[in-house]
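>>> Fold the following.
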Amino acid sequence: MATSTPELQPMEEYKDKGLKPGALGLIASITMGVASTAPAYSLAATLGGVVLLVGVHAPAAALLAFVPIFLTSIGYSEMNKADPDCGTTFTWGTRAFGPRTGWAGGWGIVAADVLVMASLAQVAGQYVFLLFGANGIGKNPVSPWVLLVGVIWIILMTYICYRGIEVSAALQKVLLTVELIMLVVLAVVALVKVYSGHGSPFSVHIQAGWFNPASVSFASFVSALVLMLFIYWGWDTAVSVNEETKDPAKTPGQAAIISTLLLLVTYALVIVAVLSFAGAGAKGIGLANSNNSGDVLSVLGGSIFGGGALGTFLTRLLLLMVLSSAAASTQTTILPTARTTLSMAAYKAIPAAFAKMHPKNLTPTVSTIVMGAISIVLYVPFNYLAGGNLIYDAVTAIGLYIAFYYGLTAFECVWYYRKTLTHNGRDLWMQGILPGLGGLIMYTAGGFSLWQDYDVNTGNSYTMFTVPGLHWEIGGAFMVALGAAVVGFIGYAYMRITAPAFFRKETLT
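Numbering: from 1, shown residues only. Predicted coordinates:
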């Protein structure tokens, strides 16, 4: 035990937050981790943008983006062994680096989760109408009807999270099963058609050069890499529910690592298959067609599955899959955020009301409801500002926060275990070298992307902001990220003044 545990003994300071222990096993935890990434939704919303940046080299971006994700998941697993607290980055950052860093890490999780909710709700709203053939409404992301359904969707998912972790896990198993099966069917049918000579006019055979990023500019590839971080993002939910698992110190970490590996296989198969079927052109169903970049799967469904009764059925099932994916991710975005704020409130880093628990459901009541309410408050204006393009900029901005708190967690692992790294080779690699490398990659990509988001000439943002009087033009993605950071700083300053105990290390050391 002395070879892998640092001087601090956080379990002695563990605070029971009232969550339901032993509610989730390994399978349920893996389900939470994979479902949180929403593979179908993430591909629908992101793949087109990646192809616009790097063309046929999208598979290379997917494979390389997995590297820092996997290395970071090792850091999560190692930290969870020492301290299975649902606050994850917040709690571990406070123990490793101090209250200010821990608070920033917690806010990074909250900011990323809140910003993505508008996109999730919008996609869910659109796909409800597409599923029932109302294409005129479904293909208009800023339709008031889409907005209404999106708001109802957030309310429904918030209620399910409020009802309890077991209800949430049971629903996730069903939704994820449908999602993964349909993604595999989509990929297999696409490849069969391409290699049997029945593909689209844009179809091409798989080429080894797709996996070589050398011919892509560094700037474009890093931007694509950050977007790809978004499609992997969410597996850390498996760790956020650690206090509700049957083996809190072991199961969540295993689930996190297994989740990332499952995602790699799924994404590699689907991206290669649809790229082979549709090509990377800018016309028709080509993945680089900017008219389709916000949702490539709804466009590809009919082309891949064709007409007839079976084709129509599978196309509808594909739409249902993306809808269920958005539903799953909406739910599993609320879950970790509510548990992060629950932990922050338990240690008096934010108002105590966020620590209130439902006596029967054993879920954080205020944290869950507030997460849903704030998501709606942001979704409505985001839907109308700049023709709804601010939602796309919010998705881009999320990449910065993902890189920030994932990378921070990796560095927390290295620093927390720094005094025991040399005790054996296993600890040196698993608690030091690998997480540290993951953190470095995350921060390098995030830092470069921050500049890309600021510069309107890079094309990273759908909107721009002009500074009054100075006439500086700043990318909308940068402004969204900056706005979230300013709100976080105000919250930090308010708590520092009104409730200084946490910042004096009196509640969490």
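>>> Could you use CA atoms for every contact and neighbour count after this?
Will do.
>>> Rounded mean pLDDT for the helix or strand hosting Val299, please.
Using DSSP states H and E, Val299 falls within helix 296-305. Average pLDDT, helix 296-305: 86.
>>> Packing partners of that helix?
Judged by 3 or more Cα pairs under 8 Å, 6 or more residues apart in numbering; DSSP states H and E, the packing partners of helix 296-305 are helix 39-54, helix 165-195, helix 308-346.
>>> what's the angle between it and helix 39-54?
100 degrees (axes from the mean of the first three to the mean of the last three Cα atoms, to 10 degrees).
>>> Residues in contact with helix 296-305: which ones?
43-45, 47-48, 186, 189-190, 193, 199-200, 277-278, 285, 287, 292, 311-312, 314-315, 318-319 (Cα atoms under 8 Å, 6 or more residues apart in numbering).
>>> Would you show me how to pick out the buried ones of those in PyMOL?
Provided next is the PyMOL selection string for whichever of the contacts of helix 296-305 are buried by 16 or more other Cα atoms under 10 Å:
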select buried, resi 43+44+45+47+48+186+189+190+193+199+200+277+278+285+287+292+311+314+315+318+319
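>>> Let me have the helices and strands packed on helix 296-305 in a markdown table, extended by distance to Ala501.
Output for those, formatted as a markdown table (distance: least, Cα to Cα, whole Å):
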| stretch | distance to Ala501 |
| --- | --- |
| helix 39-54 | 40 |
| helix 165-195 | 31 |
| helix 308-346 | 12 |
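>>> Out of these, which is closest to Val370?
helix 308-346 (8.5 Å; Cα to Cα).
>>> how many degrees apart are that closest one and helix 39-54 in direction?
90 degrees.
>>> next helix or strand past helix 308-346?
Criterion used, DSSP H and E; the element after helix 308-346 is helix 365-384.
>>> Now do that next one: which elements does it pack against?
Packing partners of helix 365-384 (3+ Cα pairs under 8 Å, 6+ apart): helix 99-131, helix 144-163, helix 308-346, helix 389-416.
>>> Deepest in the core, which of the ones you listed is it.
Of the helices and strands packed on helix 365-384, the one with the most neighbours on average (mean count of other Cα atoms under 10 Å) is helix 389-416, at a mean of 26.
>>> from the chain's centre, how far out does whichever helix or strand comes after that one sit?
Note on helix 389-416: by DSSP H and E, the next helix or strand toward the C-terminus is helix 425-428. Relative to its parent chain, helix 425-428 has a centroid offset of 29 Å by Cα atoms, centre = their mean, to the nearest Å.
>>> Can you name the element that comes right after helix 425-428?
helix 434-454.
>>> picking that back up, can I get the helices and strands packed on helix 365-384 in CSV including distance to Tyr267 and mean pLDDT?
Converted to CSV, those look like this (distance: least, Cα to Cα, whole Å; pLDDT from 0 to 100):
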stretch, distance to Tyr267, mean pLDDT
helix 99-131, 19, 91
helix 144-163, 26, 88
helix 308-346, 14, 84
helix 389-416, 18, 92
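>>> got the ones you listed as TSV, with distance to Ala256 columns?
As requested, these are arranged in TSV below (distance: least, Cα to Cα, whole Å):
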stretch	distance to Ala256
helix 99-131	16
helix 144-163	20
helix 308-346	14
helix 389-416	13
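>>> Nearest to Ala493, out of the ones you listed?
helix 99-131 (10.5 Å).
>>> Compute the inter-axis angle for the closest one and helix 365-384.
60 degrees.
>>> now the angle between helix 144-163 and helix 99-131, please.
Using the same axes, to 10 degrees: helix 99-131 against helix 144-163 is 130 degrees.
>>> and the angle from helix 99-131 to helix 389-416?
140 degrees.
>>> how far is helix 99-131 from where the chain is centred?
Counting by Cα atoms, centre = their mean, helix 99-131 comes out at 8 Å from the chain centroid.
>>> Quick one: name whatever helix or strand follows that helix.
That would be, after helix 99-131 and using DSSP H and E, helix 135-138.
>>> I'd say Trp103 and Tyr492 touch.
Yes: using Cα atoms under 8 Å, Trp103 makes contact with Tyr492 at a distance of 7.5 Å.
>>> Could you name every residue contacting both of those two?
Shared contacts of Trp103 and Tyr492, defined by Cα under 8 Å, 6+ apart, are absent.
>>> dump the residue contacts of the residue nearest in space to the middle of the chain.
The centre of the chain sits closest to Trp233, judged by Cα atoms, centre = their mean, with a distance of 3.1 Å. Residues in contact with Trp233 (Cα under 8 Å, 6+ apart) are Ser36, Thr37, Ile402.
>>> Can you check the pLDDT for it?
89.
>>> For the protein, which residues score under the pLDDT cut-off?
1-18, 164-169, 172, 294 (pLDDT under 70).
>>> looking at the helices and strands packed on helix 296-305, which is closest to Ala121?
Nearest of those (Cα to Cα): helix 308-346, 7.4 Å.
>>> Quick one: distance of the closest one to the chain centre.
Using Cα atoms, centre = their mean, the offset of helix 308-346 from its chain centre is 12 Å.
>>> what's the angle between that helix and helix 165-195?
Using the same axes, to 10 degrees: helix 308-346 against helix 165-195 is 140 degrees.
>>> Now for Leu26: which residues touch it?
Thr245, Thr251, Pro252, Gln254, Ala255.
>>> let's go with 7 Å and repeat that
Going by Cα atoms under 7 Å, 6 or more residues apart in numbering, Leu26 touches Thr251, Ala255.
>>> just Met117 next, same as before
Thr330, Ser375.
>>> What's the separation between it and Val395?
The spacing between Met117 and Val395, counted by Cα to Cα, to the nearest Å, is 9 Å.
>>> before we move on, what SS does the residue lying closest to Ser203 once chain neighbours are set aside have?
In this structure, Ser203 finds its nearest non-sequential neighbour in Phe277, 4.5 Å apart by Cα to Cα, 6 or more residues apart in numbering. Counting by DSSP: H, G, I helix; E, B strand; the rest coil, the backbone at Phe277 sits in helix.
>>> thinking again about what came up before, so which of the helices and strands packed on helix 365-384 comes closest to Asp83?
Per Cα to Cα, nearest to Asp83 of the helices and strands packed on helix 365-384: helix 389-416, 11.0 Å.
>>> could you check the angle helix 434-454 makes with the closest one?
150 degrees.
>>> chain center to helix 389-416: distance?
For helix 389-416, the distance to the chain centre is 9 Å (Cα atoms, centre = their mean).
>>> sorry, back to before: to Trp92, which of the helices and strands packed on helix 296-305 lies closest?
Of the helices and strands packed on helix 296-305, nearest to Trp92 by Cα to Cα is helix 308-346, at 11.3 Å.
>>> Tell me the helices and strands packed up against the closest one.
Packing partners of helix 308-346 (3 or more Cα pairs under 7 Å, 6 or more residues apart in numbering; DSSP states H and E): helix 26-37, helix 39-54, helix 99-131, helix 144-163, helix 165-195, helix 237-240, helix 296-305, helix 365-384.
>>> Let's have those in JSON lines, adding distance to Leu428.
Output for the helices and strands packed on helix 308-346, formatted as JSON lines (distance: least, Cα to Cα, whole Å):
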{"stretch": "helix 26-37", "distance to Leu428": "26"}
{"stretch": "helix 39-54", "distance to Leu428": "33"}
{"stretch": "helix 99-131", "distance to Leu428": "24"}
{"stretch": "helix 144-163", "distance to Leu428": "39"}
{"stretch": "helix 165-195", "distance to Leu428": "35"}
{"stretch": "helix 237-240", "distance to Leu428": "22"}
{"stretch": "helix 296-305", "distance to Leu428": "43"}
{"stretch": "helix 365-384", "distance to Leu428": "38"}
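>>> mind checking which of the helices and strands packed on helix 296-305 is nearest Met442?
helix 39-54 (17.7 Å).
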